[in-house]
Structure formats: C-alpha cells, structure tokens
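**Q** fold the following and give me the result.
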Amino acid sequence: MQEIIAALAQYDTATVFNALVLKNGLPNEEYTDHRLRCLLPELGSVVGYAVTVEVTTNDADSPALDWLDYYAYLESQPGPLVAVLKDVDSRPGRGASFGDGMARLHKQLGVVGVLVDGTIRDLAGIRQVGLPIWAWGTVPGHGVFQATRIGAPLTVNQLRIRPGDLLVADGDGCVRVPVEDAADVLRLAGEVRAKEEAIFAAYAAPDFSVARMRAERDK
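**A** Here you go, the predicted model:
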C-alpha cells in the first residue's frame, strides 16, 4: 500500500477525481468544496490516511476530551496521516482550530498534511514547520479550545470522511479514495493522464482545426 500511496502523490486531485469517475461513474462527489483553501501551496500535495477530531474554539460549555487522548490516537495509527479537524463551535471559524505548536506535534506523530473545516493561525510558523495545510483562512486567536470527539466520521466542506480513508489533497482541494479502490484508481489515473497528454498534443499540432476535431470525434 505504501507504494500505491507514493505513486498517487504524482497525480493532481483533478486527475484522481477523473480516475474515480472511470471506476465508479457519475455522479461522484468525493471531493471538498470551494471553501477549503490550500494555504501553503509551495509545500505541494499530500496523500495519507485520515485521522479525525471535532473541536470547539470558543464554546466553554462544550464537552472537553483530553488532548493527550487525541495525540495518542494519532500515534497509534499507521501512516502517512492526514489530520482532519472540524470546528463544531456555535460560531465555526471565529477562533483558530490549528496553530504552529500543533503543527510541530502533528508532524512528529506522522502527519503529512492537515485539513481544517474552520480557520487556523500562525501560518508563518506552520510554513517553517513544513506542514501542508488546508483551511478556510486565518484568524489571530481563539477562546476555550476543546476536542469534543475523536476518531469519528466527519463531513468536511461537503465531503464525508471516515477514519482510515485515503485522502489526496493539493491546490484544488481534497479527494477521498476508498482504500479498497486505491490500486484501480492509481491505474486509471495513469490512463487519464496519457489520454489528456494525447489530447493536449492534438490541440498544439500545426494542423489543428475544429473540423479535424469533429472528424476524430465522429470516427
């Protein structure tokens, strides 16, 4: 599986999505929506297994789990890991759900990327850590910051994510690949790329014309 993960990292999310469509057909909504932004695009794409936690950033009366239990959960999971945090506060995004201290600890525990359905802070510090991160954007602070649920399925930016799902994330967002489909998706991604390269070469050909396109389509 590690070889499949490494090979999937060579493909962008749009190509992976197209491969999923070839595998499972349409409609296919195994991707996040426009609110999830890649905040450090220079750090590239990530592929890894989902680990999940729900948090509140300002609601003092929310349940409060032990953060060490969350970190022990990360430590116990096979990597590479993509941490998925969902802000379930009464005002989601008002306070940051992730910062540079958390980035250091997450990276130490095998996390290669972080998706936050909410906001973050300390972006410059996270850049120094070298941890790719996706979120709505940034704010400078938070209030009472509590983990409320660990290791449960989450809906993040309209994508349902379960612990252990394989996630691929880049500048366009995140795509979920069912683990049992990963080998087929990898093979199909190669086919998608080869087909697109042939199409793009045809567009660039000196004798390109719409009439030629029509003739090729109607063969």
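
**Q** so which residues of this protein form strands?
**A** Using DSSP state E, the strands of the chain run over 37-38, 46-56, 81-87, 111-117, 119-120, 133-135, 137-138, 146-150, 154-156, 159-161, 166-170, 173-177.

**Q** distance to residue 1 and mean pLDDT for those strands - can I get that in a markdown table?
**A** Every C-beta, even on glycine, is put in place using the N, C-alpha and C of the backbone. Formatted as a markdown table, the strands of the chain follow (distance: least, CB to CB, whole Å; pLDDT from 0 to 100):
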| stretch | distance to residue 1 | mean pLDDT |
| --- | --- | --- |
| strand 37-38 | 25 | 96 |
| strand 46-56 | 9 | 97 |
| strand 81-87 | 14 | 98 |
| strand 111-117 | 15 | 98 |
| strand 119-120 | 29 | 98 |
| strand 133-135 | 23 | 98 |
| strand 137-138 | 34 | 98 |
| strand 146-150 | 24 | 97 |
| strand 154-156 | 23 | 96 |
| strand 159-161 | 18 | 97 |
| strand 166-170 | 9 | 98 |
| strand 173-177 | 12 | 97 |
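
**Q** turn the ones you listed into a markdown table, including mean neighbour count and distance to residue 126.
**A** Converted to a markdown table, these look like this (neighbours: other CB atoms under 10 Å; distance: least, CB to CB, whole Å):
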| stretch | mean neighbour count | distance to residue 126 |
| --- | --- | --- |
| strand 37-38 | 18 | 12 |
| strand 46-56 | 24 | 14 |
| strand 81-87 | 25 | 12 |
| strand 111-117 | 26 | 8 |
| strand 119-120 | 24 | 7 |
| strand 133-135 | 26 | 6 |
| strand 137-138 | 14 | 10 |
| strand 146-150 | 19 | 19 |
| strand 154-156 | 18 | 18 |
| strand 159-161 | 19 | 21 |
| strand 166-170 | 25 | 15 |
| strand 173-177 | 25 | 17 |
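
**Q** redo these as a markdown table? Include distance to residue 184.
**A** Compiled in a markdown table, those are given as follows (distance: least, CB to CB, whole Å):
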| stretch | distance to residue 184 |
| --- | --- |
| strand 37-38 | 26 |
| strand 46-56 | 16 |
| strand 81-87 | 21 |
| strand 111-117 | 23 |
| strand 119-120 | 34 |
| strand 133-135 | 26 |
| strand 137-138 | 36 |
| strand 146-150 | 31 |
| strand 154-156 | 24 |
| strand 159-161 | 20 |
| strand 166-170 | 12 |
| strand 173-177 | 10 |
